[in-house]
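Participant: Here is my input; please provide its structure:
(one chain, ligands or ions: 1)
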Amino acid sequence: MFHSAALRLTLWYLAIIMALSIIFSGMLYRLSADELDRNVNRQIGYFNNFLGPRENDNYAQLRQTQVSEDRAHLRTNLIIFNILVLAGGGAASYLLARRTLEPIEEALKSQTRFAADASHELRTPLTAIQTENEVALRDPKLNKAQVVGLLKSNLEEVAKLKALSEGLLRLANGGGQMRDTVILDIKGIAEAATARMAKAAKLKKIKIVNKTPEYWVRGEPDGLVELLSILLDNAIKYSPAGSRVNVTARKHHREVQLRITDSGQGIAAEELSKIFERFYRSEQSRAKADGGGYGLGLAIAKKITDSLGGHIEVVSTLGKGSTFIVYLPAA
Ligand code: ADP
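Facilitator: Numbering: from 1, shown residues only. Okay, here's the model as predicted:
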């Protein structure tokens, strides 16, 4: 599809280039031919004063022949020029067409990958629900307790599906174009996110220590609270009970760096570059049955950061802990 679109675009570009080149050549030919005629007539008129009528005729004929030759020469040159424009323009048009279509092709591929990944993730809980219900229906001695168990299990899978679809929706809406930014205090944002994650932290007896100073950044409040909540949620999920999570910030030139540090399981060096990809979960996290997400959190966090004109990095040592650093433009 993209190959034929590139060819069609190439033809359009080439048609425009050739139309301009031919118009330009035609005008050049017309002007040059007129100029040659004018010069010859002037010369013949001038020599008319010195030469006799016969000599003058001969001279006029000679100059007319020369002018015809010059015109033919000019025509040949312009034809060669246009052939060169056609060849060079064709190659340049094709390259330009490919470059124009590249981002569209990339976006389409990414959309297709996204749909394929999402359907793949949706299938697991759906298959679980289907299998459980089919098995239960085939059992003639199904009692009330078993039905209650089945419904509970179904509800668990539905909750997973809901979380997944919410994550997908946030990922689809979460970035792309630059968000509407305002100037806000990062301390307030850190406090709001800490409050949001307080219950999850309490359940695991994890203490979130928030020492964020009052720095002003350019951002969007909801997006920033969500971003910080994702990082805090991960810090809680991937840290042992009773540990601490620190939230700090510092200002460097025109940037505010927000740091979320945990002393949890850490991330292997070879996985550091992959964790921001959607649906990526480390082997260690997949192996754990509890607290599992779908590998969408950091992809959403990255999208939010990018849409605010910032970026996000991670420093981690396996078995010791991780620090996620969010760089935001200072106000
Ligand atoms: P999820 O937490 O739902 O699996 P994320 O996109 O938030 O998805 O994280 C992707 C992966 O990155 C996680 O599965 C985990 O392996 C790793 N990870 C993220 N945050 C941390 C952290 N603070 N400590 C250790 N590993 C982490």
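
Participant: quick one: what helix or strand has whichever residue of the stretch 1-150 of the chain sits closest to the ligand in it?
Facilitator: Distances from the stretch 1-150 of the chain to the ligand, computed as CB to the nearest ligand atom, single out Glu121 as the nearest residue at 10.9 Å. Every C-beta, even on glycine, is put in place using the N, C-alpha and C of the backbone. Assigning secondary structure by DSSP states H and E places Glu121 in helix 53-138.

Participant: What's the first helix or strand after that helix?
Facilitator: helix 144-173.

Participant: need the contact list for the residue in the chain positioned nearest to the ligand.
Facilitator: Proximity to the ligand, evaluated over the chain using CB to the nearest ligand atom, is greatest for Gly293 at 1.9 Å. Gly293 sits next to Ala163, Gly167, Lys237, Arg281 when contact means CB atoms under 8 Å, 6 or more residues apart in numbering.

Participant: about what we covered before: my guess is the residue of the stretch 1-150 of the chain closest to the ligand meets Leu164, correct?
Facilitator: Yes: the criterion here is CB atoms under 8 Å, and Glu121 meets it with Leu164 at 5.9 Å.

Participant: between the two, what contacts are shared?
Facilitator: Tyr294.

Participant: With just CA atoms, put the helix or strand bottoming out on mean pLDDT in the chain into CSV.
Facilitator: Counting by mean pLDDT, DSSP states H and E, the chain has its least confident helix or strand at helix 283-287, which shows a mean of 72. The C-alpha trace of helix 283-287 is given here as CSV (Å, rounded to 0.1, in the frame of the first residue of the first chain):
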residue,chain,number,x,y,z
GLU,A,283,10.7,-11.8,34.0
GLN,A,284,10.9,-11.3,37.8
SER,A,285,7.6,-9.3,37.8
ARG,A,286,5.8,-11.8,35.5
ALA,A,287,6.8,-14.6,37.8
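
Participant: re the thing from before, so the residue of the chain closest to the ligand: helix, strand or coil?
Facilitator: Secondary structure for Gly293, judged by DSSP: H, G, I helix; E, B strand; the rest coil, is coil.

Participant: got it, and Asn39?
Facilitator: Asn39 - assigned by three-state DSSP - is helix.

Participant: same deal with Ile275?
Facilitator: Classified using three-state DSSP, Ile275 is coil.

Participant: what residues are up against it?
Facilitator: Ile267, Ser282, Leu298, Val314.

Participant: Give me the subset of those residues that also touch the ligand.
Facilitator: Ile267, Ser282, Leu298 (CB under 6 Å from any ligand atom).

Participant: Give the buried subset of these as a PyMOL selection command.
Facilitator: PyMOL command restricting the ones next to the ligand among the contacts of Ile275 to the buried ones, with burial defined by 16 or more other CB atoms under 10 Å:
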select buried, resi 267+282+298
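
Participant: Just put the ones next to the ligand among the contacts of Ile275 in a markdown table and tack on pLDDT.
Facilitator: Output for the ones next to the ligand among the contacts of Ile275, formatted as a markdown table (pLDDT from 0 to 100):
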| residue | pLDDT |
| --- | --- |
| Ile267 | 94 |
| Ser282 | 82 |
| Leu298 | 95 |
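
Participant: Tell me the one of the ones next to the ligand among the contacts of Ile275 nearest Asn58?
Facilitator: Leu298 (91.2 Å; CB to CB).
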